[in-house]
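Asks: Got a predicted model here, sequence first, then my questions.
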Amino acid sequence: MKNIVSFIFTVAMMVSCSTLSKVGSSQANVSNTKWVLADQVKGKTPTLVIEKARITGNGGCNNYFGELTLDATAGNFSAKNIGSTKMACDNMSVETNFFNMLNEVNKYIVSGNTLELYKDNLLLLKFNKQ
């Protein structure tokens, strides 16, 4: 039993380390792409549209826009000056959390049709290509 637990722990660490080693390394350029949040949320699912130096989308209730600094060679991703429309919806916590996390992102990883946004080595948001 002890060997099985050790094996599972070792495999988990290897998978974890292989993902973390990609954070901050060269990534595919994601300019001119559209993404939808991978997590199931109550209400409308947030989206992310990446243009050259801008982001737009829907936060789950309101449409938003902001500036983007993207460096594919270093895997850097920084959204700032995010603004949005001001409609009130039933579940504003989804949108509030989405915007808060989007403001914290500083790294990204692209793997196939998946975009992961990180704060350092902490995964904050995961999207599927639209």
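Replies: On my side now, so go ahead. All values reported here derive from a predicted model rather than from experimental measurement.

Asks: Could you list the low-pLDDT ranges of this protein?
Replies: 1-21, 24 (pLDDT under 70).

Asks: And the helices in it?
Replies: Remark: helices assigned in the chain by DSSP state H are 2-20, 92-104.

Asks: pretty sure Gln130 is touching Ala38, no?
Replies: No - assessed by Cβ atoms under 8 Å, Gln130 is found out of contact with Ala38, at 11.2 Å. C-beta: built from backbone N, CA, C; applies to glycine.

Asks: contacting residues for Leu115?
Replies: By Cβ atoms under 8 Å, 6 or more residues apart in numbering, the contact list for Leu115 reads 30, 33, 35, 48, 108-109, 126-129.

Asks: Give me the number of neighbouring residues for Thr47.
Replies: 19 (other Cβ atoms under 10 Å).

Asks: Not counting its neighbours along the chain, what's nearest it?
Replies: Spatial nearest neighbour of Thr47, excluding adjacent residues (Cβ to Cβ, 6 or more residues apart in numbering): Gly57 at 4.0 Å.

Asks: wouldn't that neighbour be in contact with Tyr64 here?
Replies: Yes - between Gly57 and Tyr64 there is a contact under Cβ under 8 Å: 6.0 Å.

Asks: Tell me which residues of stretch 65-78 come out buried.
Replies: Buried residues in stretch 65-78, counted by 16 or more other Cβ atoms under 10 Å: 66, 68, 70, 75, 77.

Asks: whoops, stretch 92-111 was the one
Replies: Neighbour-count burial for stretch 92-111, counted by 16+ other Cβ under 10 Å, picks out 94-95, 97-99, 101-102, 104-110.

Asks: what's the answer for stretch 82-91, then?
Replies: Using 16+ other Cβ under 10 Å as the test for burial, stretch 82-91 gives Ser84.

Asks: And for stretch 110-121?
Replies: 110, 115-118.

Asks: Of the contacts of Leu115, which count as buried by neighbour count?
Replies: 30, 33, 35, 48, 108-109, 127.
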